[in-house]
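Q: what's the 3D shape of this:
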Amino acid sequence: MRVGTKSLLFGVHQVVLHPLLLACAWTKLYGFPRDRRLWVAFFVHDMGYWGCADMDGPEGKRHPALGGTIMARLYGKWWRDFTRLHSRSAASWEDAAPSALCAADKLVPAITPRWLHIALACASGEVAEYMREDAGWRGGAGQPARLVRRPAPGVARRGVPTGAADRVRPGDDVPRGLAWSGQLQSRTRNRKNAQ
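A: Numbering: from 1, shown residues only. Here you go, the predicted model:
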C-alpha cells in the first residue's frame, strides 16, 4: 500500500480525523464554518493523496487536483479553486495566492496533540519522508533529522494568523475573509518596514 493511501486511511490525513481538525483550525482563524460547502471541502481537499507514492514529491504535489475536481462538479469553479489552492505548490504553479483553506490546513499540525500527530505519521510511514525532507532543509543528509516541538496552539507559525476579523456566514456565495493571504503579506511587509 502506498504512503498516500496509508495517510488517508490511518495517517496524518485520515479521512475523518483530519477534516475535523481542519474545521477546528478554520474556527480558530475565521469562526465556525456554517457553510456546508466548506465542510465538503474539508473532507475532499486531500483525497488526491489516494494512491500517491509520496506526500511532498511529484505525485503528492498533484494531490489538490482531485478535491478541486470534486468541488467543481458539486459547486462550481470558485469552489474548485478554493479547494485546489489549499496547496502552496498548486498556488505557485497557477501564479495565484493560496486560498484561506491553506492557512487552516497549515494550522492543523499546530493544534493536533503532538503525541497524536507523531503516532499517525509513524503509523502511515509519512514520518520517514518528512524527516528526510527536514534533513534536506537543514543542510542535507549529513544533518540528523529529528522531530521538533511545535508552538502552542494559538501562536502564529510562519505567518499563519491566529484570528481573522471577517467570518464566513451562511448563505454567502463567496465566503468572506478568504483574501487572507494578500492581507497577511501586506501586514507582514508593513511590520518588517516598521522595524
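Q: residues making contact with stretch 36-45?
A: Stretch 36-45 has contacts (Cβ atoms under 8 Å, 6 or more residues apart in numbering) with 15, 19-20, 22-23, 26, 33, 64, 66-67, 70-71, 74-75, 79, 82-83, 86, 101, 105, 168, 175. Every C-beta, even on glycine, is put in place using the N, C-alpha and C of the backbone.
Q: what's the host helix or strand of residue 22 packed up against?
A: Remark: residue 22 resides in helix 17-30, with elements defined by DSSP states H and E. If you count contacts as 3 or more Cβ pairs under 8 Å, 6 or more residues apart in numbering; DSSP states H and E, helix 17-30 packs onto helix 36-44, helix 100-111.
Q: what about those helices, which gets the closest to residue 57?
A: If you check each of the helices and strands packed on helix 17-30 against residue 57 by Cβ to Cβ, helix 100-111 wins as the nearest, at 18.4 Å.
Q: what is the burial count for residue 31?
A: Residue 31 has 17 neighbours, counted by other Cβ atoms under 10 Å.
Q: this structure: helices as residue ranges?
A: Applying DSSP state H to the chain gives helices spanning 3-10, 17-30, 36-44, 64-75, 77-84, 88-93, 100-111, 114-124, 126-137, 180-194.
Q: of those helices, give the one that comes closest to residue 51.
A: Nearest to residue 51, of those and by Cβ to Cβ, is helix 3-10 at 5.9 Å.
Q: that closest one: which residues count as buried?
A: Neighbour counts over helix 3-10 (16 or more other Cβ atoms under 10 Å) mark 3, 4, 5, 6, 7, 8 as buried.
Q: just to revisit the earlier point, tell me which of the helices and strands packed on helix 17-30 sits most buried.
A: Among the helices and strands packed on helix 17-30, helix 100-111 has the highest mean neighbour count (mean count of other Cβ atoms under 10 Å), at a mean of 22.
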